[in-house]
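Student: sequence? don't have it. structure:
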């Protein structure tokens, strides 16, 4: 996530993440039913508790997603819509993936350069 404004901002917490699937015939998209929860603390840096992340104009922050591509109750998504903890504007991130067990885990917003 990049701060595209002319002023600094502070982010803390979880972005809103909703998997989506394109509707056949090019008629838009719909959300995919999924439980999106936190990455566990034992996952290291990407399981860290929320801390403030200061972003000057042009700086970036990251977050991570984890899911299992094997198991029961698998679903297909074409990507995710995401908004930051400080914005109501969603961005569409296209990347096809399959997840099983209806669960996706996410990290809090972290400084760019955080290594899992």
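Tutor: Yep, it's here. A quick note: this is a predicted structure, and the numbers were derived from the prediction, not measured.
Student: tell me who's in contact with residue 65.
Tutor: 17, 80, 104-107 (CB atoms under 8 Å, 6 or more residues apart in numbering). Every residue, glycine included, has its C-beta placed from N, CA and C.
Student: hey, what's it bridged with?
Tutor: Residue 65 has these beta-bridge partners by DSSP bridges: residue 106.
Student: please tell me how far residue 38 sits from residue 48.
Tutor: 10 Å (CB to CB, to the nearest Å).
Student: give me the element the residue positioned nearest the centre of the chain is part of.
Tutor: The residue lying closest to the centre of the chain (CA atoms, centre = their mean) is residue 17, at 4.7 Å. In the assignment (DSSP states H and E), residue 17 maps to strand 16-22.
Student: got it, and residue 6?
Tutor: Applying DSSP H and E, one finds residue 6 in no helix or strand.
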